[in-house]
Structure formats: C-alpha cells, structure tokens
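Trainee: Attaching a predicted model along with its sequence, questions to come.
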Amino acid sequence: MADTATIYHNPRCSKSRAALEYLQQSGLQVETIEYLKQPPDKPTLLEILSELQLQPRELMRRSDKIYKDLNLNDSALTDDQLLDAMVENPVLIERPIVRLNGEAAIGRPLDNIIDLLDE
C-alpha cells in the first residue's frame, strides 16, 4: 500500500496548489484538508509543531493583518495562547503543510516538500 501524505491546503494559495499538484504527481496517496474549513485542533497543531520542530509563533503568518490586529507579536503571550489564536483563526497558520510518516514540512518553498518526500 502506498504511503499517504496529508496536506493542509488553501486552494486560493498558489504555493499550496503547487504543493498539492506535486504530491498528486508523486505517486503517494494524498489526503487534502482545507484547513480554513476544517481547522486543526490544538492537539493536532502540537503534533504538527513537533514534526516540524518549531515553536507556535514560527508556524504563524506573522505578516498577516490579523496577526497584527490581535497583537500576537506580544512576547508575553504563551504558547498556549498562540495555539488558541491559530485554532480560532486558522488563516494565521503557514501554508501549505505536508505531513508524511511522522515528519512534516512547510511548502514555502516547494523544495521543503520535495526534501520531505526524498527522505
């Protein structure tokens, strides 16, 4: 049976569309999650962060208007508060994210996903 890759996908994002196309052409089974419609819950975000070896703020789109509007650059905010913000506002989550065999990569640039598949 072929491995299954999971992509947290935003169809309006060109990088996300390119990553999905690459995955579909790779021969893997692909589970597509439109994360703006089906946001990951906090435990899933923690798994993703562990696989990426990142801290919550590093998974956030810090240039996004909502990041600034919610004052998420405040260094006093806890990781738990940042996770809550991502659950409540999934647009804050970097995209696309691909998970495969207990590892993950953010597809900006696409080379990150290529490297993940080559491991």
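Mentor: Yep, that arrived.
Trainee: And the average pLDDT for the strand or helix carrying Leu49 is what?
Mentor: Assessed by DSSP states H and E, Leu49 sits inside helix 42-52. Averaged over helix 42-52, pLDDT sits at 97.
Trainee: and the following helix or strand past it, how far from the chain's centre?
Mentor: Following helix 42-52 in sequence order, the next helix or strand is helix 65-69 (DSSP H and E). Centroid displacement of helix 65-69 relative to its chain, using CA atoms, centre = their mean, to the nearest Å, is 18 Å.
Trainee: Could you pull out the buried residues of the following helix or strand past helix 65-69?
Mentor: As assigned by DSSP H and E, the chain's next helix or strand after helix 65-69 is helix 79-88. Of the residues in helix 79-88, those buried by neighbour count under the rule 16 or more other CB atoms under 10 Å are Leu82, Leu83, Ala85, Met86, Val87. To be clear about C-beta, it is placed using only N, CA and C from the backbone, and glycine gets the same treatment.
Trainee: which is the next helix or strand following helix 79-88?
Mentor: On the C-terminal side of helix 79-88, the closest following helix or strand by DSSP H and E is strand 97-100.
Trainee: So which elements touch that next one?
Mentor: When contacts are defined as 3 or more CB pairs under 8 Å, 6 or more residues apart in numbering; DSSP states H and E, strand 97-100 sits against strand 4-9, helix 42-52, strand 103-106, helix 111-118.
Trainee: What pairs with that strand, parallel or antiparallel?
Mentor: Strands that pair with strand 97-100, judged by DSSP bridges, come out as strand 4-9 (antiparallel), strand 103-106 (antiparallel).
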